[in-house]
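Undergrad: Dropping the sequence and predicted coords here.
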Amino acid sequence: MPKKNTFARRTPTDIALNVWGILVFIYLFIPIAVIIAYSFNTGRVLANFRGFGLDAYITGLNNDIIISSVVTSLQAAVGAAIVSTVFGTLGGVALARAPKGAWWALGLTGILALTLVTPEIVDGISFLPWFVTLGVDWGITPINNGLVRLIISHAMFSMAIVTFIVRARLAGIDTQLEDAAADLGATPWRRFKDITLPIAAPGILAGALMSFTVSLDNTILSSFVQQPGYTPWPVYIFAAVRVALRPEVAAISTVMFVLTLAALAFVGFVLRRAGSNSTEIIKTMAG
């Protein structure tokens, strides 16, 4: 049979939509490309481009305040990812295995969805007096630690993301394997460890790294709950913009951007190794 020419069947509408899609991507990524380019600026101020060089990277890596804020962001992101992954995995498995129309599953889904759509400034205003009440009035000392506050507040938002991703991963999975294992005498823990967990593992990893990246660039919520000595990187940038944005901020931001891309690429690689196609990878990561 002669090979069909798919390009000959493209209508002007298809071409216009393709061009529009390309323009949208260019519009979204040009600011990132500009920041990356200006991270090599040898001038003292970011807007004053003097030439290409690695001065900004060297200055940024030797700045103790910048390194401290980056370390704080990484610690908070890792902590939030661990907490949200544990509880989000349990929630995702529970929702995926819930009977159809179960009232508690509908209620939990609604609460988690509400968590995702609530403006972060509302979350920040809510968390601040709550932390003060727990740490000062009730005497729960760990709550007064700035890093603990960042982890709790970031995990609250990320937990919903992990839950929906794990639920999407387990949705439609045949439960006959678990039923067969139960018939053979496997305990609930053994069924979960040997059957459910391996199936959900790609979704769990995707949720963990998505939680990590969401926590890494959280600005609004972090600005409300941060404590002196625990200023995360996005809050540091927000404060630096008020004075003068220096090239080292762009340099470290570029490093963080590369780390985020590497994390997302690793998720895609793991899902691909697990046998998922492109559509399934996007569905799993989007929840």
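TA: Alright, I've got the coordinates.
Undergrad: Starting from residue 48, give me the distance back to residue 41.
TA: Counting by Cβ to Cβ, to the nearest Å, the gap between residue 41 and residue 48 amounts to 8 Å. The C-beta positions use only the backbone N, C-alpha and C, and glycine is treated the same way.
Undergrad: More neighbours: which of the two?
TA: Taking other Cβ atoms under 10 Å, residue 41 and residue 48 do not tie; residue 41 has more neighbours (23 against 12).
Undergrad: what is that one paired to in the beta sheet?
TA: On the basis of DSSP bridges, residue 41 is bridged to residue 52.
Undergrad: which residues sit in contact with it?
TA: For residue 41, the contact set (Cβ atoms under 8 Å, 6 or more residues apart in numbering) comprises 48, 49, 50, 51, 52, 53, 56, 247, 250.
Undergrad: Contacts only, for the third one.
TA: The reference is to residue 50. By Cβ under 8 Å, 6+ apart, the contact set of residue 50 is 41, 42, 43.
Undergrad: now the first one: how far from residue 249?
TA: This means residue 41. Separation of residue 41 from residue 249 (Cβ to Cβ): 11 Å.
Undergrad: Output the below-cut-off pLDDT ranges for the protein.
TA: Where the chain drops to pLDDT under 70, the residues are 1-8, 172, 271, 273-287.
Undergrad: could you pull out the strands for this protein?
TA: Assigned by DSSP state E, the chain shows no strands.
Undergrad: which stretches of the stretch 151-287 of the chain form helices?
TA: Per DSSP state H, counting those that start in this stretch, the stretch 151-287 of the chain carries helices over the ranges 176-183, 188-191, 197-216, 220-225, 233-241, 247-273, 278-286.
Undergrad: closest one to residue 70 among those?
TA: helix 233-241 (5.1 Å; Cβ to Cβ).
Undergrad: Can you tell me what sits against that closest one?
TA: Residues from elsewhere that reach helix 233-241, judged by Cβ under 8 Å, 6+ apart: 65-66, 69-70, 72-73, 216-219, 222-223, 226, 231, 246, 249, 252-253, 256.
Undergrad: If I take it and helix 247-273, what angle do their directions form?
TA: Per axes from the mean of the first three to the mean of the last three Cα atoms, to 10 degrees, the angle that helix 233-241 makes with helix 247-273 is 150 degrees.
Undergrad: Now find how far off-centre helix 233-241 is within its chain.
TA: When distances are taken as Cα atoms, centre = their mean, to the nearest Å, helix 233-241 is centred 19 Å away from the chain's centroid.
Undergrad: which parts of that helix are buried?
TA: Residues 233, 234, 235, 236, 237, 240 are the ones in helix 233-241 that count as buried (16 or more other Cβ atoms under 10 Å).
Undergrad: same check, this time on stretch 28-41
TA: Those would be 35, 36, 38, 39, 40, 41, for stretch 28-41 by 16+ other Cβ under 10 Å.
Undergrad: And the residues you listed, which is closest to residue 131?
TA: Closest approach between these and residue 131, by Cβ to Cβ: residue 35, at 32.8 Å.
Undergrad: any idea how far the closest one is from residue 177?
TA: 48 Å.
Undergrad: same check, this time on residue 170
TA: Counting by Cβ to Cβ, the gap from residue 170 to residue 177 is 12 Å.
Undergrad: higher neighbour count, those two?
TA: For residue 170 versus residue 177, the count of surrounding residues by other Cβ under 10 Å is larger for residue 170: 18 against 14.
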